[in-house]
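Asks: based on what follows, work out the 3D shape:
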Amino acid sequence: MKSKLNKIKILVATTNPGKLKEIRQALAGLPLTLLSLEDTSITARSPEKGKTFLENARAKSLFYSQFTEHLVLAEDSGLEIEALKGAPGVLSARFAGPEANDEKNISKVLALMKNVPPGKRKARFVCCLCLARRGKILKCFRGQVQGWITEEKRGSHGFGYDPIFFYRPSGQTFAELPPDEKNRVSHRGRALKKLRSFLEENLGRLL
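Replies: From the prediction side, this is the model:
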């Protein structure tokens, strides 16, 4: 059985190296081979038209499952800020426009939050993961974590909005936390923990 399990491959449908690294770390030790889109000949890219993280994750996993016999893991995640009525939300990666990057997105958030008092800067990170194969959703997982938006960037770890997301239990931003510690408490880490449990229980059935 072990030799068969070692042949299980999962295509991780992302081009974000930070997300891919966290997923690899979370699933380390399982009898899997994780592939990125860059490891395949797939050139098509799934459009992200969903109004929620779950809709986008489901759509991406189904889209890429058309092109491979492997399991497909798709993820959509982002930041929701209470004072901005849930923005940037599903637009988190491109909040500052089509050519947005982490710096531009953070600058836009901080500008919009400039006059928001400390007690009104509540936010949360949300992550949805969906596992699919051959046009069928097998399971979806959700993780979220509450925090606050800082007034300036702090820390050099992580990616995305991590430098301005303050996590009160640690007294630090996600970018100040060591990666292993962040992954234990983050939205993606919580969703990946559920995914790992599912895989541990069902890998034999997924052959």
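
Asks: which residues of the protein fall in helices?
Replies: Here the chain has its helices, by DSSP state H, at 2-5, 17-26, 53-64, 102-112, 179-185, 187-202.

Asks: looking at those, which is buried most?
Replies: helix 53-64 (a mean of 22; mean count of other CB atoms under 10 Å). Heads up, the C-betas are built off the backbone N, CA and C, glycines and all.

Asks: now for that one, which elements pack on it?
Replies: Contacts defined by 3 or more CB pairs under 8 Å, 6 or more residues apart in numbering; DSSP states H and E place helix 53-64 against strand 71-81, strand 122-133, strand 136-149.

Asks: again, 6 Å this time
Replies: On a contact count with 3 or more CB pairs under 6 Å, 6 or more residues apart in numbering; DSSP states H and E, helix 53-64 meets strand 71-81, strand 122-133.

Asks: give the rounded mean pLDDT of that helix.
Replies: Helix 53-64 shows a mean pLDDT of 97.

Asks: got the contact list for that helix?
Replies: 13, 46, 48, 50, 72, 74-76, 126, 128, 130, 132 (CB atoms under 6 Å, 6 or more residues apart in numbering).

Asks: so which two of those residues are the farthest from each other?
Replies: Val72 and Val126 (20.6 Å; CB to CB).

Asks: who's Arg124 bridged to?
Replies: Arg124 has these beta-bridge partners by DSSP bridges: Glu80, Gln146.

Asks: picking that back up, pLDDT and neighbour count for the contacts of helix 53-64 - can I get that in CSV?
Replies: As requested, the contacts of helix 53-64 are exported to CSV (pLDDT from 0 to 100; neighbours: other CB atoms under 10 Å):
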residue, pLDDT, neighbour count
Ala13, 94, 27
Ser46, 91, 17
Glu48, 82, 15
Gly50, 92, 16
Val72, 97, 27
Ala74, 97, 26
Glu75, 95, 26
Asp76, 94, 26
Val126, 98, 23
Cys128, 98, 25
Cys130, 98, 28
Ala132, 97, 25
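
Asks: of those, which is the nearest to Gly86?
Replies: Once CB to CB is applied, the member of the contacts of helix 53-64 that ends up nearest Gly86 is Val126, at 10.0 Å.

Asks: from memory the closest one sits against Val145, does it?
Replies: No - counting by CB atoms under 6 Å, Val126 does not reach Val145; the two are 8.5 Å apart.

Asks: in PDB, list the C-alpha atoms belonging to stretch 189-205.
Replies: Only the C-alpha atoms of stretch 189-205 are listed here, as PDB (Å, rounded to 0.1, in the frame of the first residue of the first chain):
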ATOM      1  CA  GLY A 189      -2.900  27.000   8.600                       C
ATOM      2  CA  ARG A 190      -6.300  26.200  10.100                       C
ATOM      3  CA  ALA A 191      -7.800  25.200   6.800                       C
ATOM      4  CA  LEU A 192      -4.800  23.100   6.000                       C
ATOM      5  CA  LYS A 193      -5.000  21.300   9.300                       C
ATOM      6  CA  LYS A 194      -8.500  20.200   8.400                       C
ATOM      7  CA  LEU A 195      -7.300  19.200   4.900                       C
ATOM      8  CA  ARG A 196      -4.400  17.200   6.400                       C
ATOM      9  CA  SER A 197      -6.800  15.300   8.700                       C
ATOM     10  CA  PHE A 198      -9.100  14.500   5.700                       C
ATOM     11  CA  LEU A 199      -6.200  13.200   3.700                       C
ATOM     12  CA  GLU A 200      -4.800  11.100   6.500                       C
ATOM     13  CA  GLU A 201      -8.200   9.400   6.800                       C
ATOM     14  CA  ASN A 202      -9.000   9.000   3.100                       C
ATOM     15  CA  LEU A 203      -5.800   8.700   1.200                       C
ATOM     16  CA  GLY A 204      -6.400   5.000   0.600                       C
ATOM     17  CA  ARG A 205      -9.800   5.700  -1.000                       C
END
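
Asks: that concludes my questions; thank you for your assistance.
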